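Peer 1: The amino acid sequence is not available; the structure is as follows:
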Ligand code: PMP
């Protein structure tokens, strides 16, 4: 693959766009971001027309791959008639009904645009309902880039004072965070036993630590969260921005059998378009008719909601999740096997169609993973396979055995050269 056209495009982008990328971490792509001119199914084409197998899947949303015709037809149909109207339209409730039907605890929802926004709304609802201020999150988990939650991102960052993860953040809002450890039942029990005294309104948890190693929750852990939140009057919020509609149609509540009060969805919900939602208990959501402000010019726009509705209709077929599971399991066996026997052993963590490269004896973090990943990343891109800098790997229903075989062949060569 000649990456020269992308290198030149990146240089030009840096002259007009801050850091040359639309979202900060994309700049970590080795040796530089790929510039794409077309994307279909499991593949993208660069500016020279070279084809790459895509395991980035736009950082998660594309459970059905790029340009699925069922989603595109629905979007093109509505886009020709209206784009954004700032008043009622039928898709607002038709798409909402389709989402609520999929989610076990879905009684009502609020539309917003990004996961970051929806997390903030969920926290506002929890604070309004409890009259309390603080939120428990778990070390290393990412919930968007907003000042109030972009903290507590390292392994050791556990306890009462959350460390900010960006320059320029307001330190005062971090007093609202308490950082616990994922899957540590004893720790969360201790914290929640003092929920009233500590002013804790909500527990915010990504049930599979999507951005921090991909770890399934122990049954005990989620059940403890549920029972202790009930006991101590705390709102339980699942951040399912990555996991939602990817690990199961009904998300973590369906897969693990423990229901939260609210879930935040984004990414996969709109099949590649921009839309997010807070979904859950009607009494919490209905606070928006009683003084809780929720707003946004682009919330619930017809184009995105046509995509949400079409996506929900496709995902209602159980065969989608069977395909996702089998293709992901095949990938795990083929690629995981090569990594285990590579020059510095590594393995894949997997929950459904989300996988994570984890080097033996090393931890992963939001910003990346160690071991040989950055060399593998560069070598694979040059061989026509695109992975994420963080070592997260997204599969879709569009990936085929032939893609996995090609990936395995390329990886074998790359590992041999390291
Ligand atoms: N929560 C989780 C678990 C996420 O992975 C992300 C994005 N990667 C967000 C929230 C924020 O979503 P967005 O990028 O749409 O603001």
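Peer 2: In hand now; what should we look at? All figures in this text were calculated on a predicted structure; none of them were measured in a lab.

Peer 1: so who does the closest residue in space to residue 179 that isn't next to it in sequence touch?
Peer 2: Spatial nearest neighbour of residue 179, chain neighbours left out: residue 152 (3.7 Å); criterion: CB to CB, 6 or more residues apart in numbering. To be clear about C-beta, it is placed using only N, CA and C from the backbone, and glycine gets the same treatment. Residues counted as contacts of residue 152 (CB atoms under 8 Å, 6 or more residues apart in numbering) are 137, 138, 139, 140, 141, 158, 162, 163, 165, 177, 179.

Peer 1: Kindly recompute the last result at 6 Å.
Peer 2: Residue 152 makes contact with 137, 139, 162, 179, according to CB atoms under 6 Å, 6 or more residues apart in numbering.

Peer 1: per-residue confidence for the second one?
Peer 2: Predicted confidence (pLDDT) at residue 139: the value is 94.

Peer 1: Surely it is in contact with residue 157?
Peer 2: Yes - under the criterion of CB atoms under 6 Å, residue 139 makes contact with residue 157 at 5.3 Å.

Peer 1: so how many other residues sit close to the residue of the chain found nearest the ligand?
Peer 2: At 2.3 Å from the ligand, residue 115 is the closest residue in the chain, using CB to the nearest ligand atom. Number of residues near residue 115 (other CB atoms under 10 Å) recorded here: 25.

Peer 1: what do you get for residue 132?
Peer 2: Counted with other CB under 10 Å, the neighbours of residue 132 add up to 20.

Peer 1: again with residue 334
Peer 2: Residue 334: 16 surrounding residues under other CB under 10 Å.

Peer 1: So what's the model's average confidence on the helix or strand residue 321 falls within?
Peer 2: Element membership for residue 321, per DSSP states H and E: helix 318-340. Here helix 318-340 scores 97 as its mean pLDDT.

Peer 1: what's downstream of it, the next helix or strand?
Peer 2: Once helix 318-340 ends, the next helix or strand along the chain (criterion: DSSP H and E) is strand 346-351.

Peer 1: so, in contact with the ligand or not, that next one?
Peer 2: No - judged by CB under 6 Å from any ligand atom, strand 346-351 makes no contact with the ligand; its nearest approach is 12.9 Å.

Peer 1: Strand partners (parallel or antiparallel) of that strand?
Peer 2: Using DSSP bridges, the strands paired with strand 346-351 are strand 354-359 (antiparallel).

Peer 1: In terms of neighbours, single out the busier of residue 139 and residue 157.
Peer 2: For the pair residue 139 and residue 157, the greater number of neighbours falls to residue 139 (20 against 15), based on other CB under 10 Å.

Peer 1: neighbours around the residue nearest to the more buried one when sequence neighbours are not counted, how many?
Peer 2: Leaving aside its sequence neighbours, residue 139 sits nearest to residue 158 (CB to CB, 6+ apart; 4.8 Å). Per other CB under 10 Å, the neighbour tally for residue 158 reads 17.

Peer 1: Tell me the backbone dihedrals of residue 158, please.
Peer 2: Dihedral pair for residue 158: phi -130, psi 140, per degrees, to the nearest 10.

Peer 1: Please apply the same query to residue 17.
Peer 2: With angles defined as degrees, to the nearest 10, residue 17 sits at phi -110, psi 130.

Peer 1: Please apply the same query to the one 4 residues further on.
Peer 2: Note on residue 21: backbone dihedrals following degrees, to the nearest 10 are phi -140, psi 160.

Peer 1: Report pLDDT for it.
Peer 2: With respect to pLDDT, residue 21 scores 95.

Peer 1: That one and residue 29 touch, don't they?
Peer 2: No - in this structure, residue 21 is not within contact of residue 29 by CB under 6 Å, at 8.5 Å.

Peer 1: Report the secondary structure state of the closest residue to residue 250 other than its chain neighbours.
Peer 2: Spatially, and ignoring its direct neighbours in sequence, residue 250 is nearest to residue 104 (4.9 Å; CB to CB, 6+ apart). Secondary structure, DSSP: H, G, I helix; E, B strand; the rest coil: residue 104 is coil.

Peer 1: Who are the contact partners of residue 104?
Peer 2: Per CB under 6 Å, 6+ apart, neighbours of residue 104: 250, 253, 254, 259.

Peer 1: do you know how far the second one is from residue 300?
Peer 2: In this case it means residue 253. Using CB to CB, to the nearest Å, residue 253 is found at 23 Å from residue 300.

Peer 1: and what of the first one?
Peer 2: As judged by CB to CB, residue 250 and residue 300 stand 22 Å apart.

Peer 1: Just want to know which of these two has more residues nearby.
Peer 2: The residue with more neighbours, out of residue 250 and residue 300, is residue 300; 24 against 20, by other CB under 10 Å.

Peer 1: What strand or helix carries the closest residue to that one other than its chain neighbours?
Peer 2: Nearest residue to residue 300, sequence neighbours excluded (CB to CB, 6+ apart): residue 111, at 3.7 Å. Following DSSP H and E, one finds residue 111 within strand 108-112.

Peer 1: what about the most centrally placed residue in the chain, helix or strand, and which?
Peer 2: Compute the mean C-alpha point of the chain, and by CA atoms, centre = their mean the closest residue is residue 242, 2.2 Å away. In this assignment (DSSP H and E), residue 242 forms part of neither any helix nor any strand.

Peer 1: what's the strand holding residue 111 in contact with?
Peer 2: Counting by CB under 6 Å, 6+ apart, 96, 118, 276, 277, 278, 279, 282, 285, 294, 296, 299, 300 sit against strand 108-112.

Peer 1: What parts of the stretch 151-300 of the chain come near the ligand?
Peer 2: So the stretch 151-300 of the chain meets the ligand at 206, 210, 211, 239, 241, 242, 266 (CB under 6 Å from any ligand atom).
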